[in-house]
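K.L.:
Using only what follows, build the 3D model:
(one chain, ligands or ions: 2)
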Amino acid sequence: MEKIIIKGGNRLFGTVKVEGAKNAVLPVIAATLMASTGISKIYNVPALADVYTIKDVLKHLNAKVTLEKNQLTVNATRPLLTEAPLEYVTKMRASVLVLGPLLARYGHAKVAMPGGCAIGSRPIDLHLKGFEALGANVHVGNGYVEVYANKPLKGAKVYLDVPSVGATENIMMAATLAKGKTIIENAAKEPEIVDLANFLNKMGARVIGAGTETIKIIGVEQLKGVEHTVIADRIEAGTYMAAAALTGGNVLVEGAEIDHCRAIVSKFEEMGVTVMPEPNGIRVIGPEKLKPVDIKTLPYPGFPTDMQSQMMTLMLKAEGTSIVTETVFENRFMHVEEFRRMNADMKIEGRSVIIKGDRELQGAEVQATDLRAGASLVLLGLIAEGYTRVTELKHIDRGYVGLVEKLRTLGADIERVDEATQITTEEPVEKVSSL
Ligand SMILES: CC(=O)N[C@H]1[C@@H](OP(=O)(O)OP(=O)(O)OC[C@H]2O[C@@H](n3ccc(=O)[nH]c3=O)[C@H](O)[C@@H]2O)O[C@H](CO)[C@@H](O)[C@@H]1O
Ligand SMILES: C=C(OP(=O)(O)O)C(=O)O
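P.N.:
Ligands and ions are numbered 1, 2, ... in the order given. As a prediction, this is how the structure comes out:
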């Protein structure tokens, strides 16, 4: 079994480089399916398990895809299939993002219905509501969801009950080739939505207002392949910022975009962390003592749920009591049990966790329950007494490229091993993606 083993106690110093954003690159890659002419070239593509999964989905659909040194090339000009089987959706929920593009281009798409996951039930009702508003029929049965249009999609007004990131992206993509004007109200405002809109507009789409709660899409006849550089991953950046703050270190998180990290930065500052924007990134200097703080996760520009568990690691070191309230996903506290195995004093009360800080944390054998939980257990290992062994690394590989190497370069005592063979196994992304 593969494990990450960390010996706690080292402060982190130096520079760490942030990759392209997982949550931006996945919808952008899905959108390349709509390019009926030309080749799409996507730069700054992180070599993540999720990227290999979506690449496999595109290949299955008959697109020609190559990934070389962070550059992904997609030729989707030959006829495509419109059905993605279960194996891809179980590996990665974001596989449902091919629904919008295929519906737009072919009037038909079918994917396995995604189930819940470790952070909540995660329905796709709002995606489907949007497709129906554009004139598509939706059929759910035998574990699949099928969307089809008997006549061309027609622009419409769609109000989202919650500003879902995935629903906004899927509806935005479907609407690019619909006749007339679509308006998405209460749209998600995440930077990844803006990145997707920028890519679609380069492809020839007319998307206006991405980044605000009202997005207008004027349908066009066809889209073409173009070049695009994906934005930096604000959650990966936040994770390394947390590592620096937690260990009392001094780290430059290179490539991190301060404008996308405002909520994170503001909470770090409340805790007494020094955060300095520099021309090529964000410098974080951890104090000797952290102050307690309360956070509530919210859609962007609120505090991101994807940084919730990493923030808890800082709270565990703070002098006093902090409270985390999770409002985005109904079940994103699975990591609390694992933190407790490391002697953390945490109590779940409904949608909140009360965290008593400043207690000695102890190394233990713990399991990553989702990708951010996995990264957070590694963070906690950096300050725990003795050795921490983190298992279920497939989750971490979905969202972090070279986590172990990057932390080691900053001075952490950390390695990744396969205990069955006692071989150090670093960067196994391709292997994991084929599990
Ligand atoms: C690949 C990707 O970009 N993943 C991100 C995306 O996930 P994802 O796009 O799945 O998250 P959503 O924004 O859709 O989910 C937000 C909330 O809306 C609910 N909901 C969503 C869709 C729907 O049809 N019905 C419904 O009720 C969800 O259950 C959840 O409670 O945004 C999340 C919220 O910032 C992040 O944690 C994920 O990292
Ligand atoms: C929840 C996350 O991603 P996904 O939606 O891909 O599961 C995440 O990135 O923390």
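
K.L.:
Look up phi and psi at whatever residue of the chain ends up closest to ligand 2.
P.N.:
Nearest to ligand 2, among the residues of the chain, is residue 306, at 3.8 Å (CB to the nearest ligand atom). Bear in mind the C-beta positions are built from the backbone N, C-alpha and C, glycine included. Dihedral pair for residue 306: phi -70, psi -10, per degrees, to the nearest 10.

K.L.:
Can you tell me the closest non-neighbouring residue to it?
P.N.:
Nearest non-adjacent residue to residue 306, counting by CB to CB, 6 or more residues apart in numbering: residue 235, 4.5 Å away.

K.L.:
residues contacting that neighbour?
P.N.:
Residue 235 makes contact with 21-23, 304, 306-307, 372, 399, according to CB atoms under 8 Å, 6 or more residues apart in numbering.

K.L.:
For it, which three-state class applies?
P.N.:
Following DSSP: H, G, I helix; E, B strand; the rest coil, residue 235 is assigned to helix.

K.L.:
What's the local residue count around the closest residue in space to residue 178 that isn't next to it in sequence?
P.N.:
Using CB to CB, 6+ apart and skipping residues adjacent in sequence, the residue nearest residue 178 is residue 153, 3.8 Å away. Neighbourhood size, residue 153 [other CB atoms under 10 Å]: 23.

K.L.:
And residue 321, by the same measure?
P.N.:
14.

K.L.:
how near is the residue of the chain closest to ligand 2 to residue 49?
P.N.:
Computed with CB to CB, to the nearest Å, the distance linking residue 306 and residue 49 is 16 Å.

K.L.:
could you pull out the helices for the stretch 201-350 of the chain?
P.N.:
Applying DSSP state H, counting those that start in this stretch to the stretch 201-350 of the chain gives helices spanning 234-246, 262-270, 308-317, 334-340.

K.L.:
relative to helix 234-246, how tilted is the strand or helix carrying residue 381?
P.N.:
Assigning secondary structure by DSSP states H and E places residue 381 in helix 371-383. Going by axes from the mean of the first three to the mean of the last three CA atoms, to 10 degrees, helix 371-383 is angled at 20 degrees with respect to helix 234-246.

K.L.:
From the chain's centroid, how far away is helix 371-383?
P.N.:
When C-alpha coordinates are averaged (CA atoms, centre = their mean, to the nearest Å), helix 371-383 and its chain have centres 16 Å apart.

K.L.:
for that helix, what is the average pLDDT?
P.N.:
Averaged across helix 371-383, pLDDT comes to 98.

K.L.:
for that helix, which positions count as buried?
P.N.:
Residues 371-383 are the ones in helix 371-383 that count as buried (16 or more other CB atoms under 10 Å).

K.L.:
Is it positioned near ligand 1?
P.N.:
No. Interface with ligand 1: helix 371-383 contributes nothing (CB under 6 Å from any ligand atom), its closest point being 8.3 Å away.

K.L.:
Which elements pack onto that helix?
P.N.:
strand 2-7, helix 234-246, helix 308-317, helix 334-340, strand 387-391, helix 393-399, helix 403-409, strand 413-418 (3 or more CB pairs under 8 Å, 6 or more residues apart in numbering; DSSP states H and E).

K.L.:
near ligand 2, anything from that helix?
P.N.:
Yes. For helix 371-383 and ligand 2, the contact criterion (CB under 6 Å from any ligand atom) is met by 371-372.

K.L.:
Going forward, count from 25.
P.N.:
Okay, residue one is now 25; in that scheme the one you just asked about reads as helix 395-407.

K.L.:
Where does the prediction get shaky in the stretch 325-459 of the chain?
P.N.:
Low-confidence segments of the stretch 325-459 of the chain, defined by pLDDT under 70: 445-459.

K.L.:
and if we set it to 80?
P.N.:
443-459 (pLDDT under 80).

K.L.:
What residues does it have near ligand 1?
P.N.:
So the stretch 325-459 of the chain meets ligand 1 at 329-330, 352-353 (CB under 6 Å from any ligand atom).

K.L.:
Counting neighbours, which of those comes out on top?
P.N.:
Going by other CB under 10 Å, residue 330 tops those with 25 neighbours.

K.L.:
Tell me the confidence at the residue nearest the centre of the chain?
P.N.:
Note on the chain: the residue nearest the mean C-alpha position is residue 47, at 4.2 Å, using CA atoms, centre = their mean. Looking at residue 47, its pLDDT is 98.

K.L.:
cool, residue 115 as well?
P.N.:
Looking at residue 115, its pLDDT is 88.

K.L.:
One more: residue 198?
P.N.:
98.

K.L.:
is any part of the one helix or strand it maps to close to ligand 1?
P.N.:
Per DSSP H and E: residue 198 is located in helix 189-199. Yes. Under the criterion of CB under 6 Å from any ligand atom, helix 189-199 makes contact with ligand 1 via 189-191.

K.L.:
After that helix, which helix or strand is next?
P.N.:
strand 205-209.

K.L.:
on contacts alone, who are the packing partners of that following strand?
P.N.:
Packing partners of strand 205-209 (3+ CB pairs under 8 Å, 6+ apart): strand 181-183, helix 189-199, strand 238-242.

K.L.:
Can you tell me which of the residues of helix 189-199 next to ligand 1 comes closest to residue 379?
P.N.:
residue 189 (26.8 Å; CB to CB).
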